[in-house]
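Novice: sequence below, structure please.
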Amino acid sequence: MMTSQKQGKLICVGTGLRMAGQLTPIARSYIETADVVIAAVPNIFARKWLQDISKEYICLLGHYSACDEEGKNRRDTYRNMADTILAEVRAGKTVCAAFYGHPGIFACISHMAIADARAEGFHAEMLPGISAEDCLVADLGIDPGRTGMQSMETTQFMIYERKIDPTALLILWQPGLAGELSLKRFDTTPAKLQVLVDKLARDYPLDHPVILYEAATHPLEQTRMDTILLRDLPKASLQQITTLVIPAAFPLKLDQAIIDELNALPETMEISEQAA
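Specialist: From the prediction side, this is the model:
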């Protein structure tokens, strides 16, 4: 007599920045009903809350201690975290992997785990969460649609040839790790920040105001929204969660040739009538 074996399943959810009000109902439902919740959530109160409402809880944060070992880098740590998630899926469990903010934004662990699970024939999906960018837009009163928005990781911006448009908003994530190429440290130095400033100075005046942003993660915490001059960035205090927000430095300039080309086109109604 053959017995049916339970199929493993992976759901990656985001807890938002302020869990009490930013966890979606469907994410909470998966957290409460999954066989096991595996989480990488730094806030101690959020972790306690997850432990209380889940059937079984596994914390991934202990893997970060491996970064202190000689020769270990963050990629090894992230791989180990993804493998921890996959082990539970392979055991036939419904696994809810919970991540701070949005599970797919600056969260390579979830992407690795989902790709591996799907490659092995398991059902795996990601549900959106409220990210640091969502909080940033609300807290700073920024409309990305007004001038357009560019968004990238700070070290990526530094080491690749990127074309920046200074007439649009620029968001640089993780400036607190600026220029850290070893993948073994979780900080930067004033010298590396100066390299960042020098590159930004190709497109922005050194006296251009920029904003250091850190979203509040609980009601008693203050949101950081410090405005400084670009030239002063190397002297600023930066954390891993700090985001560098660079408003547009110059006004948008009309492309008159394109405008003239568009105005010279026949009206939509005329095109429709000809097609009919």
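Novice: every contact and neighbour count from this point should use C-alpha atoms.
Specialist: Fine.
Novice: which positions in stretch 157-177 come out as buried?
Specialist: For stretch 157-177, a neighbour-count test (16 or more other Cα atoms under 10 Å) marks 157-158, 165-177 as buried.
Novice: so which of these are in strands?
Specialist: Per DSSP state E, strands hold the following members of the buried residues of stretch 157-177: Leu169, Leu170, Ile171, Leu172, Trp173.
Novice: and of the residues you listed, the nearest to Lys55?
Specialist: Trp173 (34.5 Å; Cα to Cα).
Novice: that closest one: what's it in contact with?
Specialist: The contact partners of Trp173, taken as Cα atoms under 8 Å, 6 or more residues apart in numbering, are Ser151, Met152, Glu153, Thr154, Thr242, Thr243, Leu244.
Novice: near the fourth one, how many other residues are there?
Specialist: Other residues near Thr154 come to 21 when the count uses other Cα atoms under 10 Å.
Novice: now, which of the contacts of Trp173 sits nearest Glu56?
Specialist: Out of the contacts of Trp173, the member with the shortest distance to Glu56 (by Cα to Cα) is Thr242, at 32.2 Å.
Novice: test my guess that that closest one contacts Tyr213.
Specialist: Yes - contact criterion Cα atoms under 8 Å: Thr242 and Tyr213 qualify, at 5.6 Å.
Novice: what bits of the chain have low per-residue confidence?
Specialist: Regions of the chain meeting the criterion pLDDT under 70 cover residues 1-6, 20, 64-72, 268-276.
Novice: ok, back up a step: save the ones in strands among the buried residues of stretch 157-177 as CSV, and put in distance to Gly8 too.
Specialist: Listed next are these as CSV, based on distance: Cα to Cα, whole Å:
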residue, distance to Gly8
Leu169, 43
Leu170, 41
Ile171, 38
Leu172, 37
Trp173, 34
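Novice: what are the structural domain limits within this protein?
Specialist: Domains of the chain are assigned by automatic domain parsing as 9-130, 133-246.
Novice: and those, which is most packed in?
Specialist: With neighbours defined as mean count of other Cα atoms under 10 Å, these peak in mean count at domain 9-130, which reaches a mean of 19.
Novice: got a list of what the residue nearest to the spatial centre of the chain touches?
Specialist: Among the residues of the chain, the one closest to the centroid is Ile105, at 3.1 Å (Cα atoms, centre = their mean). Applying Cα under 8 Å, 6+ apart to Ile105 gives the contacts Ser131.
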